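> Whatever this is, show me its structure:
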Amino acid sequence: MISSSSASRIIDMKYWIPLLLAGVITSCNFPLEQVSDPSFLPAIEPTTTPLAITPISPENTPAQQPFTNSTQAVIIEPEQIPTSTPAPPSVGVSLEEISILSPGPGSHVTNPIQVSGFGGPSQSDRVHVELIGEDGRVISRGYTYLYVLPGNAGHFYAEVPFESSLVAEQAWLVVRSFGERYGELRHLTTQEIVLLTTGSPKIYPAIRGAEKISIFRPRGNSIIEGGHVLVHGAGWTDRERSLRVEIKDRLGNVLGSASADVESGTYGQLGPFAVEVDYETPFPQWARVAVFEWNDSHPGLVHYTSVEVWLRP
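Residues are numbered from 1 along each chain as shown. The predicted structure follows:
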C-alpha cells in the first residue's frame, strides 16, 4: 500500500524529471575546444564569434524517416532542382554513416536553418554541427544529439542561426561524429547550401545514399602490424580524384600517410582506390585509419571516413 506522502513524491518526480532532463540537454553546449582533433577544423579564424546552434527535440520537428535508394519518389509538379551526387551501386558499399537529410544540396535557406539528419554512432550520442560561409568564416557551431539508444545510429536535429551582409551567400553545413573510445574525429560530411537574407526558402530533398568513401580493408578492430598496411576501398570525389590516407593515434598525431587516386573516369564517379601506407609506432595502441577528401579552398575537409584498428610495431 502506497501512503499519501509517497504518492505525492511520485507525482512530484513525474513533473520534475522532464524539467531536469531538459535543463541537462540545453546546458550541454560544449565549447569547440573539447574536440580532440582540432587539426581538421577550418584554418581561417572567424572575424566574429560564431553563433550557437540549438538542439531540437524530435517532438518539435516533423516526423521524417531517412530516404534510401529504395524510397519511392513522388513527383508533385515538374521542377528543375539541383541533384545530389548520384548514389553508386549498393553492392559492397554501405550506407552513408552521416547524412544531412534536410536541407538537401543546393537548398536556399533563411534564418534560422532547420537541420535534420541521420547518423552515428558517436561518443556520448552527440554530433558537432558547423556552418561555414563562402569566405571561410565560421558562422555558427555547436553540438546536438542523436535520439537513439547509446552506441547506435539515429536521428539528429538542430536549429542553426546565421548572419550575413549579402543578399545570398554560398555556405556549407558540416557535421562531425566522434570515436566512442577516445572522442577523436570518426566521420565528417558536408552539404553545400545557399544562405538568403531576403526572399523565400527553397528546400530540396536529400537521400541517405551510399557511403561516399568506403574503407573495405582494413576492417574495424583489425590487428595491424609490420610497419605497413594496405588500405583498399571505393568512393568518389567532388573535384579531384585524389584522396588522402592517414594513420593517426588517439591524440591526432599522424603515424603514417599517403595519397590514393580513385580509379574512375572523372570526379563524381564511383571507383576503387588502394594504397600501401607505411607507419611507425613505438608501442601497440589503438589508432584510426582515415581516408578523406580535402579541398584547398573552402570548406577544406569535404568528407572523412575512418576505422579503428589495433596497431602494433
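> Residue 193 reaches residue 174, doesn't it?
No: look at residue 193 against residue 174 with CB atoms under 8 Å: they stay out of range, at 11.2 Å. C-betas here are computed from N, CA, C, even on glycine.
> Beta-bridge partners for residue 291, please?
Beta-bridge pairing for residue 291 (DSSP bridges): residue 245, residue 305.
> On the pLDDT front, check it for me.
Per-residue pLDDT puts residue 291 at 98.
> Around it, how many other residues sit close by?
If you count neighbours by other CB atoms under 10 Å, residue 291 ends up with 22.
> That one and residue 233: what is the separation?
In this view, residue 291 and residue 233 are 6 Å apart by CB to CB, to the nearest Å.
> With residue 290 instead?
Distance, residue 290 to residue 233, by CB to CB: 11 Å.
> What of residue 224?
In this view, residue 224 and residue 233 are 15 Å apart by CB to CB.
> Neighbour count for those two, which is higher?
Set residue 224 next to residue 233 and count neighbours by other CB under 10 Å: residue 233 wins out with 24 against 20.
> sec struct for that one, please.
Under DSSP: H, G, I helix; E, B strand; the rest coil, residue 233 falls in the strand class.
> how many neighbours does the residue lying closest to it once chain neighbours are set aside have?
Counting by CB to CB, 6 or more residues apart in numbering, residue 233 lies nearest to residue 215, which is 4.5 Å off, once chain neighbours are set aside. Residue 215 has 22 neighbouring residues, counting by other CB under 10 Å.
> isn't residue 215 right up against residue 231?
Yes: using CB under 8 Å, residue 215 is in contact with residue 231, at 6.8 Å.
> which residues do those two both contact?
Counting by CB atoms under 8 Å, 6 or more residues apart in numbering, the shared contacts of residue 215 and residue 231 are 289, 291.
> quick one: contacts for residue 132?
Residue 132 makes contact with 42, 138-139, 171-172, 174, 298-299, according to CB under 8 Å, 6+ apart.
> wait, what's in contact with residue 288?
Contacts for residue 288 (CB under 8 Å, 6+ apart) come out as 179, 184, 186, 247-248, 306-309.
> how far is the host helix or strand of it from where the chain is centred?
Per DSSP states H and E, residue 288 falls inside strand 285-294. Centroid separation for strand 285-294 versus its chain: 15 Å, with CA atoms, centre = their mean, to the nearest Å.
> try stretch 234-241
For stretch 234-241, the distance to the chain centre is 18 Å (CA atoms, centre = their mean).
> Give the buried residues for it.
For stretch 234-241, burial by neighbour count (16 or more other CB atoms under 10 Å) applies to 234-237, 241.
> Next: stretch 194-212.
Here stretch 194-212 shows 194-196, 202-204, 206-212 as buried, counting by 16+ other CB under 10 Å.
> Could you tell me how many residues sit around the closest residue to residue 290 other than its chain neighbours?
Leaving out its chain neighbours, the residue that sits closest to residue 290 by CB to CB, 6+ apart is residue 306, at 4.0 Å. By other CB under 10 Å, 25 other residues sit near residue 306.
> My understanding was that residue 306 contacts residue 252; is that so?
No: between residue 306 and residue 252 there is no contact under CB under 8 Å: 11.8 Å.
> And the helices in the stretch 201-313 of the chain?
Counting by DSSP state H, counting those that start in this stretch, the stretch 201-313 of the chain has no helices to list.
> Output the below-cut-off pLDDT ranges for the stretch 201-313 of the chain.
Counting by pLDDT under 70, the stretch 201-313 of the chain contains no low-confidence segment.
> And the strands in it?
Ranges of strands within the stretch 201-313 of the chain are 213-217, 223-224, 228-235, 242-249, 254-261, 271-278, 285-294, 301-311, based on DSSP state E, counting those that start in this stretch.
> nearest to residue 103, of those strands?
Comparison of the strands of the stretch 201-313 of the chain against residue 103 by CB to CB identifies strand 301-311 as nearest, at 17.5 Å.
> What residues does the residue nearest to residue 290 make contact with?
By CB under 8 Å, 6+ apart, the residues touching residue 306 are 179, 185-187, 215, 288-291.
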